[in-house]
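Colleague: Quick one: sequence plus predicted model below, questions after.
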Amino acid sequence: MQERQTKQKSIIYDALKALDHPTATEVYGYVREQYPTVSRATVFRVLGGFADNGKALELRAAGSEVRYDYNVTPHYHARCECCGRVADVKTAGLDEKVLRATADHGFSVRGYSVEFFGVCKDCQEGVS
């Protein structure tokens, strides 16, 4: 059975695409500015549904709010340990090397997630 596409889901997905790896709270704030009748619970529920059905990725890290990414194609992320910002990282050739290494250990990989941790440019400038 195909999931129903409602106006609220469409609005929330558009917000997800407009923001850069947002938290559910950030999506809610963005949506609320244009559509004040959309509830916080609806935004959180819809984002969870997007993650469950493969329309978005949930990016989880200990001690951080869950962030969401509309880009569900295989790619990597870098997370700032100071402010929590998340950015996409493009790495040519790493996929093949990692998959080959796991196969060498007898694993048949069904999926993976790679996240790099560090300090973003804005936070580095503030630390100096």
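Modeller: The structure has been received and is ready for your questions. In this text, all values refer to a predicted model and were calculated from it rather than measured experimentally. Residues are numbered from 1 along each chain as shown.
Colleague: residue ranges for the helices of this structure, please.
Modeller: Secondary structure of the chain by DSSP state H: the helices cover 7-18, 24-34, 40-52, 94-104, 121-127.
Colleague: Need the contact partners of the fourth one.
Modeller: It stands for helix 94-104. Applying Cβ atoms under 8 Å, 6 or more residues apart in numbering, the external contacts of helix 94-104 come out as 74, 76, 109, 112, 114. No exception for glycine: its C-beta is placed from N, CA and C like everyone else's.
Colleague: In those, find the pair that's most separated.
Modeller: Farthest-apart pair in those is Y76 and V109; separation 15.0 Å (Cβ to Cβ).
Colleague: Who has more neighbours out of the two?
Modeller: Taking neighbours as other Cβ atoms under 10 Å, Y76 and V109 compare with Y76 leading, 16 against 10.
Colleague: For that one, give me its contacts.
Modeller: 88-91, 94, 114-116.
Colleague: run the last query once more with 7 Å
Modeller: 89, 91, 114-116 (Cβ atoms under 7 Å, 6 or more residues apart in numbering).
Colleague: Have a look at the protein and report the helix or strand with the lowest mean pLDDT.
Modeller: Least confident helix or strand, the chain: helix 94-104 with a mean of 82, by mean pLDDT, DSSP states H and E.
Colleague: and it, how far out from the chain's middle?
Modeller: Relative to its chain's centre, helix 94-104 lies at 24 Å (Cα atoms, centre = their mean, to the nearest Å).
Colleague: Walk me through the domains of the protein.
Modeller: Recorded structural domains for the chain (assignment: automatic domain parsing) are 1-70, 74-128.
Colleague: Out of those, which one sits most buried?
Modeller: domain 1-70 (a mean of 15; mean count of other Cβ atoms under 10 Å).
Colleague: can you give me how far that domain is from the chain middle?
Modeller: With Cα atoms, centre = their mean, you get 10 Å for domain 1-70.
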